[in-house]
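Student: this is a predicted model, with the sequence first.
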Amino acid sequence: MGVRPRQGKIVKSKAIFLDRDGVIIRQVELLTQISKVKILPKVAEAIKSFNKLEYLVIVVSNQPVVARGIITEKGIEKMNEFIREKLVKKGARIDAFYFCPHHPNATLKKYRLRCRCRKPGPGMILQGIRDFYINPNKSFMIGDAMIDVVAGKRAKLKTILVKSGPGHARLDKLYKEKPDFTSKNLFDSIKIIKKYDR
């Protein structure tokens, strides 16, 4: 996992956990090059709205490209930093990035394991909850795939499935869980967040 924690103890915070690919940036198969990173439309505006509503914004993403050996963990961290900086220039703040480099069929032996951090496991979310003293009852998980929904529900968050990436159409029948809400994209999720903000 990678993390960029804020300084100091934050008690009973509320947070919005976001998948990365297909939600914040355009989905690219086996993304390993920063030059191919494209922020999706109105993502900065959405994150700015979450910031104004005093939500922490935390990214949680599976990165099996590390397990395949085609990019290093440091490479993922540089890519996440690039995304963070691009959004900062537009006035939008991401508080932390977590990623899972593991895969049960990894090419690289050290990443070949069944872990709790790989979604649909809730490990990254639970780590964020611990690191930032987050109240899950006031928090959301937003993703474009059912694995995001399942991970969010296992961590006791409200869940929003967005249709901005290809993941929402994949293998839905594998899971019994259903998202609490659906929206076209991250920007469209603002009205849901505002309605249930407390």
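Tutor: Sure, I can see it.
Student: roughly how far does R68 sit from K191?
Tutor: R68 is 38 Å from K191, where distance means C-beta to C-beta, to the nearest Å. Backbone N, C-alpha and C define where each C-beta goes, glycine included.
Student: now swap in Y111 and tell me
Tutor: Separation of Y111 from K191 (C-beta to C-beta): 39 Å.
Student: higher neighbour count, these two?
Tutor: Between Y111 and K191, counted using other C-beta atoms under 10 Å, the more crowded position is Y111 (21 against 12).
Student: so that one makes contact with I70?
Tutor: No. Between Y111 and I70 there is no contact under C-beta atoms under 8 Å: 11.9 Å.
Student: OK, contacts around P136?
Tutor: For P136, the contact set (C-beta atoms under 8 Å, 6 or more residues apart in numbering) comprises 129, 155-157.
Student: now for the longest strand seen in the chain, which elements pack on it?
Tutor: Ordering each strand of the chain by length in residues (DSSP state E) puts strand 56-62 first. Under the contact criterion of 3 or more C-beta pairs under 8 Å, 6 or more residues apart in numbering; DSSP states H and E, strand 56-62 touches strand 15-18, helix 43-52, strand 96-100, helix 123-132.
Student: please name every helix or strand in contact with the following helix or strand past it.
Tutor: Per DSSP states H and E, the first helix or strand lying C-terminal to strand 56-62 is helix 64-67. Under the contact definition 3+ C-beta pairs under 8 Å, 6+ apart, helix 64-67 sits against helix 73-88.
Student: look up how far I34 lies from E81.
Tutor: Taken as C-beta to C-beta, the span from E81 to I34 is 9 Å.
Student: typed the wrong thing, it's R84
Tutor: For R84, the distance to I34 equals 12 Å [C-beta to C-beta].
Student: who has more neighbours, those two?
Tutor: R84 (18 against 12).
Student: need the pLDDT of that one.
Tutor: On pLDDT, R84 comes in at 98.
Student: I'd say it and A92 touch.
Tutor: No. Between R84 and A92 there is no contact, the gap being 9.2 Å when judged by C-beta under 8 Å.
Student: measure stretch 136-147 end to end?
Tutor: Stretch 136-147 stretches 18 Å from its first residue to its last (C-alpha to C-alpha, to the nearest Å).
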